[in-house]
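Visitor: how does the following fold in three dimensions:
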Amino acid sequence: MPAVPEHFVPALGLGNPHLQTLWGPLWRKTTPIERERERLWLDDGDFLDLDWHGPHNVKAPVVLVLHGLTGSSNSPYVAGLQQALGNRGWASVALNWRGCSGEPNLLPRSYHSGVSEDLAATIAHLRACRPLAPLFAVGYSLGGNVLLKHLGETGHNSQLQGAVAVSVPFRLDQCADRIGQGFSRFYQAHFMRSLVTYVRNKQRKFQHDGRHEGLQTLTALGPLENMRTFWDFDGRVTAPLHGFSDAADYYRRASSRYFLGGISTPTLVIQAADDPFVFPHSLPEPGELSASTRFELHARGGHVGFVEGSLRRPGYYLERRIPHWLASLGHGRA
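Guide: Below is the predicted model of the structure:
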């Protein structure tokens with residue numbers, strides 16, 4: 001198979017970072033693939049839903065795919081990558097973070113950008129299910145931050161043969177500032193609506209199911225109105241629900257940039273310099289990266305965009321580059 005170029009060329013007419021970012025959620029057609037859902041029960045009594053695609057061969061490589069904030073296994077970039085991996089004869093499993101599979105999770109807590117304990121539990125489960133299969137992980141945006149944090153925390157014990165992180169918000173505090181500037185406020189408003197709806201839906205579910213203790217915890221957060229920024233939401237919701245003292249404490253303890261030096265797993269990071277969620281100064285310096293990390297910075301691509309080809313026949317660079325790089329590690333056919 002021919003090599004995939006490391007230089008991304010945006011589709012004609014999609015050079016703008018916002019068009020790159022919005023193409024997938026607004027205009028990309030759904031990728032129809034067959035998947036099997038598995039429910040993984042966690043030690044705290046909550047659950048994660050996993051969506052499998054590809055061969056049942058116990059030795060076929062398995063790729064764990066991690067979606068971003070307010071996404072799910074149905075996000076176009078997730079299903080697209082699963083299809084591309086399946087075309088190579090690889091298995092894949094898309095993780096839905098807590099409450100993201102179409103059904104509210106059972107505890108007041110949810111998911112966030114540093115929830116590496118849920119990722120570790122999923123990896124341990126996959127290792128037990130497919131002990132003979134090489135195991136990889138790919139994370140997008142929030143999922144990429146969680147993945148890099150896990151890799152740095154675990155070092156040689158990550159239980160992964162390789163990893164890819166895309167459009168990573170390396171410094172959560174700085175990204176919370178960046179998304180409040182210029183046109184990026186459009187994304188901030190969308191996320192705030194989605195996140196507040198997420199909490200309100202869970203409140204209604206707890207009320208309906210008689211989960212009074214959980215409902216009391218969510219009610220104690222106070223009114224959910226007037227949350228306009230990530231600093232607002234993470235200070236009033238994320239921090240108290242997940243054991244952080246405030247938003248700054250959460251950002252400091254969950255930002256993947258502080259964990260990069262501990263990564264021992266072969267890791268590819270794909271980033272765009274024009275990402276409307278990430279300041280250029282939020283990107284790590286070469287000296288912060290471990291020897292096992294390859295950092296590919298493209299001039300364009302937006303946030304989880306990287307749409308190539310043409311408007312009539314768009315292509316998806318990430319779905320060529322990621323499988324090709326994983327296969328180059330030598331654990332499956334290229």
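Visitor: so what's the closest residue to L66 other than its chain neighbours up against?
Guide: Computed as C-beta to C-beta, 6 or more residues apart in numbering, the closest residue to L66 that is not its neighbour in sequence is G143, at 2.9 Å. Any C-beta I mention is one placed from the backbone N, CA and C, and that applies to glycine too. G143 makes contacts with V65, L66, H67, G68, L95, W97, as judged by C-beta atoms under 8 Å, 6 or more residues apart in numbering.
Visitor: do the same with Q203
Guide: Going by C-beta under 8 Å, 6+ apart, the list of residues near Q203 reads L215, L218, T219.
Visitor: so where does it fall, helix or strand?
Guide: helix 185-209 (DSSP states H and E).
Visitor: now do R294
Guide: Going by DSSP H and E, R294 is part of strand 293-298.
Visitor: and the following helix or strand past that strand, what's buried?
Guide: Beyond strand 293-298 on the C-terminal side, the first helix or strand identified by DSSP H and E is strand 307-309. Within strand 307-309, the residues that count as buried by 16 or more other C-beta atoms under 10 Å are V307, E308.
Visitor: and the contacts of strand 307-309?
Guide: F8, V9, P10, A11, L14, Q20, W23, G24, P314, G315, Y316, Y317.
Visitor: pLDDT value on the fifth one, please?
Guide: We have a pLDDT of 97 for L14.
Visitor: same check, this time on the second one
Guide: Note on V9: pLDDT of 97.
Visitor: ok but it is inside a helix, no?
Guide: No: counting by DSSP: H, G, I helix; E, B strand; the rest coil, V9 is not part of a helix but coil.
Visitor: so G315 versus A248, what's the distance?
Guide: The spacing between G315 and A248, counted by C-beta to C-beta, to the nearest Å, is 41 Å.
Visitor: pretty sure D173 is touching R253, no?
Guide: No: D173 is beyond contact range of R253, at 11.1 Å (criterion: C-beta atoms under 8 Å).
Visitor: the two: which has the busier surroundings?
Guide: Ranked by neighbour count (other C-beta atoms under 10 Å), D173 and R253 place D173 first, with 19 against 15.
Visitor: all helices of the stretch 101-250 of the chain, in order?
Guide: 116-129, 142-154, 172-178, 185-209, 212-219, 230-233, 239-242, 247-254 (DSSP state H, counting those that start in this stretch).
Visitor: looking at these, which is buried most?
Guide: Mean neighbours per residue, mean count of other C-beta atoms under 10 Å, is largest over these for helix 142-154, with a mean of 27.
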